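S.K.: Structure, please.
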Amino acid sequence: MSRDLTRLYQALAADTDAWELPAPNLLRRRVDRRVRNRVTLGALAAAVLVGGTAVGTRVLLAGPDTPPGPPAVTPSPAPLSPSSSPTAPPSSSGSPTTPAPPRTSGAPTASARPTAATPTSIPDRAFFALPAANDTGAGSQFVPGPVLPALCAAWPGEAQVVVRRARTLPFKLAGAPADAVPAGSYRHSVTVYRAGRADDALRELRQAVRDCPRQVAPDAPGVTTTQRLLDGAGYGEESVLFETRTPYRDANGDPVGGDEVHLVRAVRVGDVVTVLWEQGWESSSTDRAQFEADSRRATEAIRNWLS
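M.R.: The predicted structure is shown next:
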């Protein structure tokens, strides 16, 4: 071997001895780290490729005239300054929102009927109490039966009734002896109508009286009864007053001259109507002053109940 070749081997050995080989466990960690870095870089590249493909697909499907959809994250709007006011959002159709028309004054329409809760029961306090001077001591009896005279077989407002109670109440006139027979008897009823329908019931009642000016008396064949509206406002929110007239008859049913007159008043307070029908007692006619006083008591009882 030549001297030059020997010298080169000696230099190579010196350089190799200067580098220390790493331990096996350190070498394994370096290899594992390189493998993880390669996997992470591969996953990121795949995600970028999938995202680009999805965006490209949306653009192709949307067509040349349709812009791509909005970004997934919408930036928050800038806060309003104290002097600025918020504006109404546009409608989903893209057309400007049309403001509601202003309310106009005038008579209420059918669509503007009240929507308050309607009572579904009627307590005893909805009925008035007779003053001691008019109390016969017999009390009242809550019994079924008609609450209005037969008006040519018309029964106004019955289709709109929610609940009703009716009683029979005899009374006497002030100053009458304690053992005197009653001066008359009331058929007194309280009816709750569907919301906003009580005024319809009174309108139907007026029309029924107009449509039935006379008829054969239900309890006396051959005897004619007449009905007519009377002026008698000033009770409740509105009221209807009418009379019925039947000729006086003897025991055989024959007319003896004059008429037996009875008054009927219906008073509306909200969706409630109270009816006072004076039916007489042994062919007596209605005492107008007593009837007016008891009409006021009946109206006040309804108002106190509903208040």
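S.K.: so the nearest residue to N304 once chain neighbours are set aside, which of the three states?
M.R.: Counting by C-beta to C-beta, 6 or more residues apart in numbering, R125 is the residue found nearest to N304 once chain neighbours are left out, at 7.1 Å. The way it works is simple: take the backbone N, C-alpha and C, and place the C-beta from them, glycine included. Judged by DSSP: H, G, I helix; E, B strand; the rest coil, the three-state class of R125 is helix.
S.K.: show me what contacts R125?
M.R.: Shown in contact with R125 (C-beta atoms under 8 Å, 6 or more residues apart in numbering): A301, N304, W305.
S.K.: Show me which of those residues are buried.
M.R.: A301, W305 (16 or more other C-beta atoms under 10 Å).
S.K.: among the contacts of R125, which are in helices?
M.R.: Judged by DSSP state H, the subset of the contacts of R125 located in helices is A301, N304, W305.
S.K.: picking up where we left off before, and which of the contacts of R125 is nearest to A166?
M.R.: The shortest approach to A166 among those belongs to A301, at 14.2 Å (C-beta to C-beta).
S.K.: Domains in the chain, by residue range?
M.R.: 19-62, 118-306 (automatic domain parsing).
S.K.: Can you flag the weakest of these by average pLDDT?
M.R.: Per-segment mean pLDDT for these reaches its minimum on domain 19-62, at a mean of 49.
S.K.: Now for the closest residue to C152 other than its chain neighbours: which residues touch it?
M.R.: Take C152 and drop its neighbours on the chain: the residue closest to it by C-beta to C-beta, 6+ apart is C212, 3.7 Å away. By C-beta under 8 Å, 6+ apart, the contact set of C212 is L151, C152, A154, Q227.
S.K.: now E260
M.R.: Listed by C-beta under 8 Å, 6+ apart, the contact partners of E260 are R245, T246, P247, Y248, G280, S283, S284, S285.
S.K.: quick one: the third one from T224, how far?
M.R.: If I follow you right, that is P247. Distance, P247 to T224, by C-beta to C-beta, to the nearest Å: 8 Å.
S.K.: Likewise for the fourth one?
M.R.: Counting by C-beta to C-beta, the gap between Y248 and T224 amounts to 13 Å.
S.K.: Equivalent analysis for the fifth one, please.
M.R.: In this structure, G280 and T224 are 18 Å apart, going by C-beta to C-beta.
S.K.: Ok, the first one next?
M.R.: With the distance defined as C-beta to C-beta, R245 ends up 9 Å from T224.
S.K.: Those two: which is more packed in?
M.R.: Set R245 next to T224 and count neighbours by other C-beta atoms under 10 Å: R245 wins out with 16 against 12.
S.K.: Bridged to the more buried one, which residues?
M.R.: T226, V261 (DSSP bridges).
S.K.: Look up how far H262 lies from it.
M.R.: 8 Å.
S.K.: give me the element F128 is part of.
M.R.: Per DSSP states H and E, F128 falls between elements, in no helix or strand.
S.K.: ditto for G236
M.R.: With DSSP H and E as criterion, G236 is part of no helix or strand.
S.K.: how much space between it and D211?
M.R.: From G236 to D211 the distance is 24 Å (C-beta to C-beta).
S.K.: all strands of this structure, in order?
M.R.: 141-142, 161-171, 184-193, 214-216, 224-230, 238-249, 255-269, 272-278 (DSSP state E).
S.K.: Out of the contacts of C212, which comes closest to A166?
M.R.: Nearest to A166, judged by C-beta to C-beta, of the contacts of C212 is L151 at 17.0 Å.
S.K.: who's the closest one bridged to?
M.R.: Beta bridges link L151 to A154, judged by DSSP bridges.
S.K.: so it makes contact with Q227?
M.R.: Yes. L151 lies in contact with Q227 (C-beta atoms under 8 Å); the separation is 6.6 Å.
S.K.: list residues touching both of those two?
M.R.: By C-beta under 8 Å, 6+ apart, the residues touching both L151 and Q227 are V209, C212, Q215.
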